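In: sequence and predicted model, in that order:
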Amino acid sequence: MIIDDDVQLCGVVAEFLRRHGYEVETAVNGRQGLQAIAEYIPDLILCDLNMPEVDGHGVVTALRQDRRLSEVPVIFLSGCTGRDQIRRSMNLGGDDFITKPASLPEIHEAVHTRLNRLKEQRRLREADLTAAGKYLIDQLQDAKPAGPGPAQDNPVLKRVEQLLLLGGDAPPAAHDQPTPADTLLVKCGNRRQFIKLTEVKVVTANGEYSMVHWGQGQKMLLRKPLKQWLKELPAVQFVRIHRQAIINLAFIDFMEEPADGQLIVHLKESDLLFPVSQRGRSRFNRSLKAFKGG
């Protein structure tokens, strides 16, 4: 996400980063930037300092107070060169500060470095959580009462294994059969079952992880990005409605359009609401029309 009231600079930097394989969204002030960030949840933000309505300091302060966005790196891109301004920007939660004018390769290097650092931080955190969870499972298994009763009856053990993402990361047992192309292997504790992809109601994602919802409130966390789901789910039945969600058109119960004009989708047997982004609305309408047969 690039937030800068210099429209020309914003466009040049965005196009340069797109040519290097990045998905880029832009905003011309801090208020618009925060609205877009809440919708797209970017992996990194390039932000100007002096902007109308909400300045760069206001943007980073809002981000660091939001648990979903608190770890998103912010690189300030500003013409301010005062030492006090730079120090304040970093103290508020900025990760880097690039002084304008800056070359495009310099900006690209900063973006690349920060994203690699974020990826490594996530990897290390995941490794720590996995190790701690497996240790807890071992302790729970060792501590279970003697006598009959399968280990999966332990609700704590089942929850720990769900949090360990066994559905996505665990290697298959020797007796497992290959998963058919149109099904998903669901694992919870020692229980395994296949569900058809067409039974999936919605997939929501954040970065490399996704939550798969099916049945009546059943869900499972997997380590799989939304882009991978787009390749695997039948395009005739599934549509991406915004950056973080793919829904199954067959499970739409009804739709509403509040006063703000945003389309909200309600799914059958689900309390979750799914807003359709302005960018995804035309795609959603075309897919729904085709699914219903014109």
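Out: Right, received. Where do you want to start?

In: what about I107, neighbour count?
Out: 19 (other C-beta atoms under 10 Å). Every C-beta, even on glycine, is put in place using the N, C-alpha and C of the backbone.

In: do the same with Q8
Out: Q8 has 8 neighbouring residues, counting by other C-beta under 10 Å.

In: surely it is in a strand?
Out: No: read with DSSP: H, G, I helix; E, B strand; the rest coil, Q8 is helix and lies in no strand.

In: against R114, how distant is it?
Out: According to C-beta to C-beta, to the nearest Å, Q8 stands 24 Å off from R114.

In: dihedrals phi and psi, the most centrally placed residue in the chain?
Out: Nearest residue to the geometric centre of the chain (C-alpha atoms, centre = their mean): N206, 1.3 Å. Dihedral angles of N206 (phi, psi; degrees, to the nearest 10) stand at phi -150, psi 100.

In: beta-bridge partners for it, please?
Out: With DSSP bridges as the criterion, N206 is bridged to Y209.

In: ok, it touching Y40?
Out: No: look at N206 against Y40 with C-beta atoms under 8 Å: they stay out of range, at 10.9 Å.

In: mind listing the shared neighbours of these two?
Out: Contact criterion C-beta atoms under 8 Å, 6 or more residues apart in numbering; residues shared by N206 and Y40: Q244.

In: which element is M220 on?
Out: Taking DSSP states H and E as the definition, one finds M220 inside strand 218-222.

In: list the buried residues in the next helix or strand after that strand.
Out: Sequence order places helix 226-232 as the next helix or strand after strand 218-222, per DSSP H and E. For helix 226-232, a neighbour-count test (16 or more other C-beta atoms under 10 Å) marks L226, W229 as buried.

In: and for stretch 198-214?
Out: By neighbour count with 16+ other C-beta under 10 Å, stretch 198-214 contains the buried residues V200, K201, V202, V203, T204, A205, E208, Y209, S210, V212, H213, W214.

In: name the SS class of the fifth one, please.
Out: Taking three-state DSSP as the rule, one finds T204 in the strand state.

In: and it, what is it in contact with?
Out: Contact partners of T204, counting by C-beta under 8 Å, 6+ apart, are S210, M211, H213, Q244, A245.

In: okay, stretch 96-107 in CSV with CA atoms only?
Out: Extracted in CSV, the C-alpha atoms of stretch 96-107 (Å, rounded to 0.1, in the frame of the first residue of the first chain):
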residue,chain,number,x,y,z
ASP,A,96,12.3,2.7,8.0
PHE,A,97,12.6,6.3,6.7
ILE,A,98,13.5,7.2,3.2
THR,A,99,14.1,10.8,2.4
LYS,A,100,12.7,12.3,-0.8
PRO,A,101,13.9,12.5,-3.5
ALA,A,102,14.7,8.8,-3.6
SER,A,103,15.6,6.5,-6.5
LEU,A,104,13.2,3.7,-7.5
PRO,A,105,15.9,1.0,-6.8
GLU,A,106,16.4,2.5,-3.3
ILE,A,107,12.7,2.2,-2.6
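
In: could you pull out the buried residues of that stretch?
Out: Neighbour-count burial for stretch 96-107 [16+ other C-beta under 10 Å]: D96, F97, I98, I107.

In: need the contact list for I41.
Out: Residues near I41 by C-beta under 8 Å, 6+ apart: R68, L69, V72, N206, G207, R243, Q244.

In: make sure F274 is actually in contact with I246.
Out: No: checked against C-beta under 8 Å, the pair F274 and I246 is beyond contact range at 9.7 Å.

In: what is in contact with the two at once?
Out: Common contacts of F274 and I246 (C-beta under 8 Å, 6+ apart): V202.

In: count the residues that sit near the residue nearest to R88 when sequence neighbours are not counted.
Out: Excluding its sequence neighbours, the residue lying closest to R88 (C-beta to C-beta, 6 or more residues apart in numbering) is H57, at 7.0 Å. Residues near H57, counting by other C-beta under 10 Å, number 21.

In: what is the neighbour count of I241?
Out: For I241, using other C-beta under 10 Å, the count is 22.

In: my guess is it meets Q278, correct?
Out: No: when contacts are counted by C-beta under 8 Å, I241 is not listed as touching Q278 (10.9 Å).

In: what about stretch 111-119, distance to the chain center?
Out: In terms of C-alpha atoms, centre = their mean, to the nearest Å, the centre of stretch 111-119 is set 16 Å apart from its chain centre.

In: let me fix that, I meant to ask about stretch 53-72.
Out: Distance of stretch 53-72 from the chain centroid (C-alpha atoms, centre = their mean) equals 17 Å.

In: cool, stretch 83-92 as well?
Out: Remark: stretch 83-92 is offset 29 Å from the chain centroid, using C-alpha atoms, centre = their mean.
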